[in-house]
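*Asks:* give me coordinates for this.
(2 chains)
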2 protein chains.
Amino acid sequence: MEVRSKIWLEENGKLIFGEGKSKIFKAIQEFRSINKAAESMGISFRHAWSYISEIEKRTGVKLVERVKGGAGGGGSRLTEYATEIMRKYDILKDKIDNYVDKKFKEIFD
Amino acid sequence: MEVRSKIWLEENGKLIFGEGKSKIFKAIQEFRSINKAAESMGISFRHAWSYISEIEKRTGVKLVERVKGGAGGGGSRLTEYATEIMRKYDILKDKIDNYVDKKFKEIFD
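*Replies:* Numbering: from 1, shown residues only, chains lettered A, B, ... in the order given. Model prediction:
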């Protein structure tokens, strides 16, 4: 028997951040482009964008911003707020995963 | 912002116990009848029964047994195995809920 867990963040009872969003955020951070991030995940730009804009509406905070010009011809990047939420979520998730495994062994073994 | 979490148990990648099952088990324990348990949850007997028999198939262990005769004219009760899994799941869930809240406050405040 194995234990599984899931954690996510809500604002007024609505999802604002979880594993799925975390993957999109990470891909945007890596590719600096929503289009490439979506492609890497096998989802459409429209899908990725609707994810982001939905959370922006719920939190009232900008999550992704356009970067103009430069060698790569511009692109998108996470705002400081989005980077922070992602970083904190990762720390929280990591701690909880470890705790869940430890307690599961203690209680079920 | 609030944190939410979910934990469940799997056997070979398939759900065997989680919040939904826990509610059915608790209702069977209370009413000593699958029918009354299902009624109290607003689901059909068929639905409740398929939940139980599915987990029985996955684990290969009996979870609910018939009780014959007696003042109440018989009924159903959880097996020792089912009672134990429910008890352990509750302890695990309780510990994890507390931990998640604590860590969320530490990391996000």
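*Asks:* quick one, strands of chain A?
*Replies:* Ranges of strands in chain A, per DSSP state E, are A:2-11, A:14-17, A:64-67, A:75-78.
*Asks:* which one of those strands lies nearest to residue B:76?
*Replies:* For the strands of chain A, proximity to residue B:76 was assessed by C-beta to C-beta; strand A:2-11 is nearest, at 27.5 Å. Just so you know, the C-beta spots here come from the backbone N, C-alpha and C atoms, and that holds for glycine as well.
*Asks:* hmm, back to that, compare the strands of chain A and give me the one nearest chain B.
*Replies:* Smallest distance to chain B across these (C-beta to the nearest C-beta): 4.5 Å, for strand A:2-11.
*Asks:* which residues are in contact with the closest one?
*Replies:* For strand A:2-11, contacts defined as C-beta atoms under 8 Å, 6 or more residues apart in numbering or on different chains pick out A:15-19, A:58-59, A:85, A:89, A:92-93, A:96-97, A:100-101, A:104, A:108, B:1-11, B:92, B:96, B:100.
*Asks:* quick one, that strand and strand B:2-11 angle?
*Replies:* Taking axes from the mean of the first three to the mean of the last three C-alpha atoms, to 10 degrees, strand A:2-11 and strand B:2-11 form an angle of 160 degrees between their directions.
*Asks:* re the thing from before, any of the contacts of strand A:2-11 buried? List them.
*Replies:* When the contacts of strand A:2-11 are checked for burial by 16 or more other C-beta atoms under 10 Å in any protein chain shown, the buried set is A:16-18, A:59, A:85, A:89, A:92-93, A:96, A:100, A:104, A:108, B:3, B:5, B:7-9, B:92, B:96, B:100.
*Asks:* look up the closest residue to residue A:108, ignoring the ones flanking it.
*Replies:* residue B:88 (5.8 Å; C-beta to C-beta, 6 or more residues apart in numbering or on different chains).
*Asks:* residues contacting the most centrally placed residue in chain A?
*Replies:* The centroid of chain A falls nearest to residue A:22 when counting by C-alpha atoms, centre = their mean (1.8 Å). Contact analysis of residue A:22 by C-beta under 8 Å, 6+ apart lists A:86, A:89, A:90, A:93.
*Asks:* excluding chain neighbours, what is closest to the last one?
*Replies:* The one in question is residue A:93. Distances taken as C-beta to C-beta, 6+ apart place residue A:7 nearest to residue A:93, at 5.9 Å, with adjacent residues excluded.
*Asks:* helices or strands up against the longest helix along chain A?
*Replies:* Longest helix in chain A by number of residues (criterion: DSSP state H): helix A:80-108. On a contact count with 3 or more C-beta pairs under 8 Å, 6 or more residues apart in numbering or on different chains; DSSP states H and E, helix A:80-108 meets strand A:2-11, strand A:14-17, helix A:19-31, strand B:2-11, helix B:80-108.
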